[in-house]
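> A structural model of the following input is requested.
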Amino acid sequence: MDSARGQQIDHRNTNGVASGVASSWAQSDVATAETARHLRSTMSAWLDTRPIGDLGNDIVLAMYEAVANSVEHAYSATSPGPVSVTAMHADSTLTLTVSDDGAWQEPTDRPLRGHGLGLLRAVADSVAVDHDGHRGTTVTLTWDLSDTSPRGRGS
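Next up, the predicted model:
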């Protein structure tokens, strides 16, 4: 199956393996915990075809955290809606985008919660979050692959 729910919304995969060959990967599905797990495994498999050195765990962790945020927060007042993940590897840059159509939730001050954006900043070279109230959120993460060592502490 192409998605966790068995229904494919969008999927592109151009697995060029040579380092100079651009490659992209994209999947969309309903934002559920099952989808997040499925995306984690399929992203990991795609990254195995890319010359990313030891960055794989950081990239998969960041993607999973951004998707988990969509699952938990974007549709908390409604039924789950779509979450889309796109990765593009070109030259020495990998760009990962996670987007949803849900409502932005302001971070809360809860001691054991609210560390997701900090985690993203710890493992990616660049993090941008674009949200428009109730019309969705897009998280864009970028890695400079000229250095393929892990970014996060303890990676």
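> pLDDT on the host helix or strand of Thr142, on average?
If you go by DSSP states H and E, Thr142 is part of strand 137-144. Averaged across strand 137-144, the pLDDT comes to 96.
> try stretch 47-57
Mean predicted lDDT for stretch 47-57 stands at 93.
> how about low-confidence regions in the chain?
For the chain, the stretches flagged by pLDDT under 70 are 1-21, 105-115, 133, 153-155.
> Would you state the strands of it in chain order?
Under the criterion DSSP state E, strands of the chain are mapped to 10-13, 23-30, 82-90, 93-100, 126-131, 137-144.
> nearest to Tyr75, of the ones you listed?
Of all the strands of the chain, strand 93-100 sits nearest to Tyr75, with 7.5 Å by Cβ to Cβ. C-beta: built from backbone N, CA, C; applies to glycine.
> for that closest one, packing partners?
Strand 93-100 sits against helix 56-69, strand 82-90, strand 137-144, with contacts defined as 3 or more Cβ pairs under 8 Å, 6 or more residues apart in numbering; DSSP states H and E.
> Make a markdown table out of these and add mean neighbour count.
Listed next are these as a markdown table, based on neighbours: other Cβ atoms under 10 Å:
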| stretch | mean neighbour count |
| --- | --- |
| helix 56-69 | 22 |
| strand 82-90 | 21 |
| strand 137-144 | 20 |
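> For the most centrally placed residue in the chain, give me its contacts.
Geometric centre of the chain, nearest residue: Met63, 2.6 Å, by Cα atoms, centre = their mean. Each residue near Met63 by Cβ atoms under 8 Å, 6 or more residues apart in numbering is listed here: Leu39, Arg40, Met43, Val85, Ala87, Leu96, Val98, Leu141.
> Next, format the helices and strands packed on strand 93-100 as a markdown table and append distance to Val30.
Output for these, formatted as a markdown table (distance: least, Cβ to Cβ, whole Å):
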| stretch | distance to Val30 |
| --- | --- |
| helix 56-69 | 11 |
| strand 82-90 | 6 |
| strand 137-144 | 16 |
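> Out of the ones you listed, which gets nearest to Leu47?
If you check each of those against Leu47 by Cβ to Cβ, helix 56-69 wins as the nearest, at 4.8 Å.
> Give me the distance between that closest one and the centre of its chain.
Centroid separation for helix 56-69 versus its chain: 5 Å, with Cα atoms, centre = their mean, to the nearest Å.
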